[in-house]
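Enquirer: Okay, predicted coordinates and the sequence, questions at the end:
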Amino acid sequence: MAKKILVVDDEKEIAELMMDLLKAQGYETLWEDDGRRGFETSKQEVPDLIILDLMLHDIHGINVCKMLKADPVTQNIPVIIYSGRMEPGITDDVMKAGGAMFMSKLTPPTKIIQIVKEYLK
């Protein structure tokens, strides 16, 4: 059975690019465009991995990650937080929130796949 990855990103085009990349590797993908729906879908679908945008319309990605890590249903799902912007101290903030890692949206596709495979072992 294919591993399931939830992409939470309010930029549809970016989410579609990420999902196309993941589908090409045989992963099942889900998409939500805001933090609240991403959190709810995570609880319902229990994906194997979550790729979470840092800057969302409704809730900052760090806070969504904290919500995921506080919920018994989702606390063990690895969360990769990504962004097109580098904020000072963001990697530390991601780790403190329970995130697996921070990744730039500019990360090359081959590196993204390598990272995803590592967290899905």
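Expert: Arrived safely, thanks for sending.
Enquirer: what sits up against the longest helix seen in the chain?
Expert: Secondary structure of the chain per DSSP state H: the longest helix is helix 12-24. Here helix 12-24 makes contact (CB atoms under 8 Å, 6 or more residues apart in numbering) with 5, 7, 9, 29, 31, 33, 51, 53, 105, 109, 112-113, 116. All C-beta spots, glycine's among them, are computed from the backbone N, C-alpha and C.
Enquirer: Of the residues you listed, select the buried ones using a PyMOL command.
Expert: Buried members of the contacts of helix 12-24, defined by 16 or more other CB atoms under 10 Å, are picked up in PyMOL with:
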select buried, resi 5+7+9+29+31+33+51+53+105+112+116
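Enquirer: Go ahead and flag the most central residue of the chain.
Expert: The residue lying closest to the centre of the chain (CA atoms, centre = their mean) is residue 51, at 1.3 Å.
Enquirer: Keeping just the C-alphas, turn the longest helix of the chain into PDB.
Expert: Output of helix 12-24 as PDB, limited to C-alpha atoms (Å, rounded to 0.1, in the frame of the first residue of the first chain):
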ATOM      1  CA  LYS A  12      -2.400  25.800  -4.800                       C
ATOM      2  CA  GLU A  13       0.200  25.900  -7.500                       C
ATOM      3  CA  ILE A  14       3.000  25.100  -5.100                       C
ATOM      4  CA  ALA A  15       0.900  22.300  -3.500                       C
ATOM      5  CA  GLU A  16       0.200  20.800  -6.900                       C
ATOM      6  CA  LEU A  17       3.900  20.800  -7.800                       C
ATOM      7  CA  MET A  18       4.800  19.100  -4.600                       C
ATOM      8  CA  MET A  19       2.000  16.600  -5.000                       C
ATOM      9  CA  ASP A  20       2.900  15.800  -8.600                       C
ATOM     10  CA  LEU A  21       6.500  15.200  -7.500                       C
ATOM     11  CA  LEU A  22       5.300  12.900  -4.700                       C
ATOM     12  CA  LYS A  23       2.800  11.000  -6.900                       C
ATOM     13  CA  ALA A  24       5.500  10.400  -9.500                       C
END
